[in-house]
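Asks: Give me the fold of what follows.
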Amino acid sequence: MSYQIYSHTLPSATPGTQRIIKAHHFGTAGARPKIYLHAGLHADEWPGFLVLNALIKKLKVAEEAGLIDGEVIVVPVANPIGLGQNFHGYIPGRFAFSDGGGNFNRNWPQLGAKVERAVGEQVSGDVDANLTLVRQAIRQELATLPELTELQGLRKTLLALSMDADEVLDLHCSGEACMHAYVAQEFEEYFKPLLGLLGAEVALSELETGAHSFDETNVAVWRHLKSHYAHLMPWGCRSMTVELRGENDISNELAEQDAQALFDYFIYRGVINGEAPDIDDSGVTYYPLDAMDLVKAPVAGIACFHKCLGESVEAGEVIGEVVDLMADDVENSSYPLVARASGVFFARFQRRLVVCGESIAKIAGREHLAFREIGHLFED
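Replies: Sure, this is the predicted structure:
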């Protein structure tokens, strides 16, 4: 199959409106390995748009040269619903305004129990046969998902494109941040080469966050089945969320750099035929997600940070301050931002006017923090 672009129309929310999702397909449908990527599920996070634009150019050249041995699906704009939230030039894009609202990257449909019931006693000692069996059951369960609303249609479309992939990469970014990623504990070693190519030195390791995010959902079926069938059930999908630095870290140079890293990784995985890249992943460090400190604003006001992104910090160290603009005593109007974990200061708010209680900075630590509850590790 040559390079193809497919347009998927979402259900119309109101008369006269229509949104589409475009998927760029490379290689032969059904070929392995298959990798799926998208950007902008949080529609206010834009670096991935330009990265995937640059990657598509590289994949087109590889396709024309007959170098794609597997299959690659790229969705450069994953959330046209969120991009439609344009208020006087500001696009919030993180939360749905309809279907009960909520974070676009939370509470995706969980199919594990349904797939288990479907495959039942058909699971055998043939691991490859089990892989085919489960993927067929996933497709059947996906077909039954409702698609009456735009949001339902978006979720069903993206899952239908991704859930039979060997790897799923969900591209996001933070307000201001170093390159980092969220990786399931089971895949730490597997994805370390990609993190090395991307130049990420911080990766947050998780088991189950409780968020039911997009990347977790693609893995959840296999995790559920492996808990029942152990070695008889392979990892039919591995996924990761990549945080492409900060919101304003957008340039042709960075996009080219990141796209080349992804392209080299495809060669490394055998999706593209080419000379294997040299990979140095010695700088990649995994930190438990339940050891990540979310530094909260003690008052409303203006945040000023004293530490730079990527710097090491110690528990009890002051990394910045919030100035209370309403304080009567302006000489004593600054409140310290105190680290509760020893580790790396890797992300912070881009906005400097903060609300009391907001999480405005992240520190990757190594030791479990008592106030971090397993199963509820993400804030919306």
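Asks: Mark out where each domain of the chain begins and ends.
Replies: 4-288, 292-365 (automatic domain parsing).
Asks: Make JSON lines out of those domains and add mean pLDDT and mean neighbour count.
Replies: All C-beta spots, glycine's among them, are computed from the backbone N, C-alpha and C. Shown next, in JSON lines, are those (pLDDT from 0 to 100; neighbours: other Cβ atoms under 10 Å):
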{"stretch": "domain 4-288", "mean pLDDT": "96", "mean neighbour count": "18"}
{"stretch": "domain 292-365", "mean pLDDT": "97", "mean neighbour count": "17"}
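Asks: Adding distance to residue 374, write these out as TSV.
Replies: TSV is the format used below for the domains of the chain (distance: least, Cβ to Cβ, whole Å):
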stretch	distance to residue 374
domain 4-288	8
domain 292-365	12
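Asks: how about those, which one is nearest residue 377?
Replies: domain 4-288 (4.5 Å; Cβ to Cβ).
Asks: roughly how far is the closest one from the heart of the chain?
Replies: 7 Å (Cα atoms, centre = their mean, to the nearest Å).
Asks: Can you get me the start-to-end distance on it?
Replies: The first and final residues of domain 4-288 sit 40 Å from each other (Cα to Cα, to the nearest Å).
Asks: Can you give the contact residues for the helix or strand where residue 135 lies?
Replies: Element membership for residue 135 (DSSP states H and E) is helix 127-143. Under the criterion Cβ atoms under 8 Å, 6 or more residues apart in numbering, residues 111, 114-115, 118-119, 122-124, 156, 159-160, 163-164, 221-222, 225, 229, 231-234, 236 lie in contact with helix 127-143.
Asks: Can you name the element that comes right after that helix?
Replies: helix 150-162.
Asks: Compare the domains of the chain and give me the one nearest residue 375.
Replies: Of all the domains of the chain, domain 4-288 comes closest under Cβ to Cβ, at 3.9 Å.
Asks: quick one: contacts for residue 193?
Replies: Counted by Cβ under 8 Å, 6+ apart, residue 193 has contacts 265, 268, 279, 281.
Asks: Please apply the same query to residue 340.
Replies: Neighbour list for residue 340: 293, 295, 315, 363, 369, 371 [criterion: Cβ under 8 Å, 6+ apart].
Asks: One more: residue 368?
Replies: So residue 368 contacts 288, 290, 291 (Cβ under 8 Å, 6+ apart).
Asks: do you know how far the last one is from residue 178?
Replies: Taking Cβ to Cβ, to the nearest Å as the criterion, residue 291 is separated from residue 178 by 17 Å.
Asks: among the domains of the chain, which is nearest residue 378?
Replies: Per Cβ to Cβ, nearest to residue 378 of these: domain 4-288, 4.4 Å.
Asks: Which residue is the nearest non-sequential neighbour of the residue nearest in space to the middle of the chain?
Replies: Centroid-nearest residue in the chain, with Cα atoms, centre = their mean: residue 241, separated by 2.6 Å. Excluding its sequence neighbours, the residue lying closest to residue 241 (Cβ to Cβ, 6 or more residues apart in numbering) is residue 182, at 4.3 Å.
Asks: thinking again about what came up before, keep only those of the contacts of helix 127-143 that are in helices.
Replies: Counted as lying in helices by DSSP state H, out of those, are 114, 115, 118, 119, 156, 159, 160, 221, 222, 225, 229.
Asks: Can you give the contact residues for stretch 44-61?
Replies: 3, 24, 26, 37-40, 68, 72, 74-77, 82, 91-94, 171-173, 244-247, 249-252, 254-256, 258-260, 262-263.
Asks: Pull it out as PDB, backbone CA atoms only.
Replies: Output of stretch 44-61 as PDB, limited to C-alpha atoms (Å, rounded to 0.1, in the frame of the first residue of the first chain):
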ATOM      1  CA  ASP A  44      -3.500  23.700  24.000                       C
ATOM      2  CA  GLU A  45      -0.300  21.700  23.600                       C
ATOM      3  CA  TRP A  46       1.200  22.400  20.200                       C
ATOM      4  CA  PRO A  47       4.800  21.300  19.800                       C
ATOM      5  CA  GLY A  48       3.700  17.900  18.600                       C
ATOM      6  CA  PHE A  49       1.900  19.400  15.600                       C
ATOM      7  CA  LEU A  50       5.100  20.700  14.100                       C
ATOM      8  CA  VAL A  51       7.000  17.500  15.000                       C
ATOM      9  CA  LEU A  52       4.600  15.300  13.300                       C
ATOM     10  CA  ASN A  53       4.500  17.600  10.300                       C
ATOM     11  CA  ALA A  54       8.200  17.100  10.000                       C
ATOM     12  CA  LEU A  55       8.000  13.400  10.600                       C
ATOM     13  CA  ILE A  56       5.400  13.000   7.800                       C
ATOM     14  CA  LYS A  57       7.800  14.500   5.300                       C
ATOM     15  CA  LYS A  58      10.500  12.000   6.300                       C
ATOM     16  CA  LEU A  59       8.000   9.100   6.100                       C
ATOM     17  CA  LYS A  60       6.900  10.100   2.600                       C
ATOM     18  CA  VAL A  61      10.500  10.000   1.400                       C
END
